[in-house]
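Peer 1: predicted model, plus sequence, below.
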Amino acid sequence: MKNICLAALVSLAIIPPSVLAVSYPVDLEQTLNGTEVLARTETIDRDIAGLTLQNFGQHPVICTALFRNGPESPRTRRVTLEPGETRPLTAKFTREVIRLRIKLTCEEAQ
């Protein structure tokens, strides 16, 4: 039993970390409408995507992100960002992400 456990640990140590990393292409389309928002995409897992938004402006901003993964129904996330605030948005899909398309629209809050 010890030999089997040792062999399993050694085989995992041989696999480079880059093979275990999740990566897929992400297309980000931004319509910021004059707002000062920074958007960073994240690949969290094979079926989970993330988007981090940061408001550098002086006014609150309302942002809507539409996450699309192939033929699945798009996932919509909405957030209001206060000045200087950073917020993460995530979307989980039922299938593995092959190529992710995110449409981000931001406007100043009234």
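Peer 2: Happy to help now that I have it.

Peer 1: next, the contact list for the closest residue in space to Ala109 that isn't next to it in sequence, please.
Peer 2: Spatially, and ignoring its direct neighbours in sequence, Ala109 is nearest to Pro60 (4.0 Å; C-beta to C-beta, 6 or more residues apart in numbering). Every residue, glycine included, has its C-beta placed from N, CA and C. Contacts for Pro60 (C-beta atoms under 8 Å, 6 or more residues apart in numbering) come out as Thr80, Leu81, Glu82, Pro83, Glu108, Ala109.

Peer 1: how close does the residue nearest to the third one when sequence neighbours are not counted get to Glu36?
Peer 2: Spelled out, it's Glu82. Once flanking residues are discounted, Glu82 sits nearest to Pro60: 5.4 Å by C-beta to C-beta, 6+ apart. Plainly put, Pro60 is 12 Å away from Glu36 if you go by C-beta to C-beta, to the nearest Å.

Peer 1: contacts only, for Asp45.
Peer 2: Applying C-beta under 8 Å, 6+ apart, the residues near Asp45 are Val22.

Peer 1: what bridges to it?
Peer 2: Ile48 (DSSP bridges).

Peer 1: just the strands in the chain please.
Peer 2: Taking DSSP state E as the criterion, the chain carries its strands at 26-31, 37-45, 48-55, 61-69, 75-81, 86-92, 100-108.

Peer 1: next, count neighbours for Cys106.
Peer 2: Residues lying near Cys106 (other C-beta atoms under 10 Å) number 24.

Peer 1: was I right about it contacting Cys63?
Peer 2: Yes. If you go by C-beta atoms under 8 Å, Cys106 and Cys63 touch, sitting 4.2 Å apart.

Peer 1: next, show the common contact partners of the two.
Peer 2: Val37, Leu53.

Peer 1: how far away is the residue nearest to Ala109 from Gly34?
Peer 2: Taken as C-beta to C-beta, the span from Pro60 to Gly34 is 14 Å.

Peer 1: between these two, which contacts overlap?
Peer 2: Counting by C-beta under 8 Å, 6+ apart, the residues touching both Pro60 and Gly34 are Glu108.
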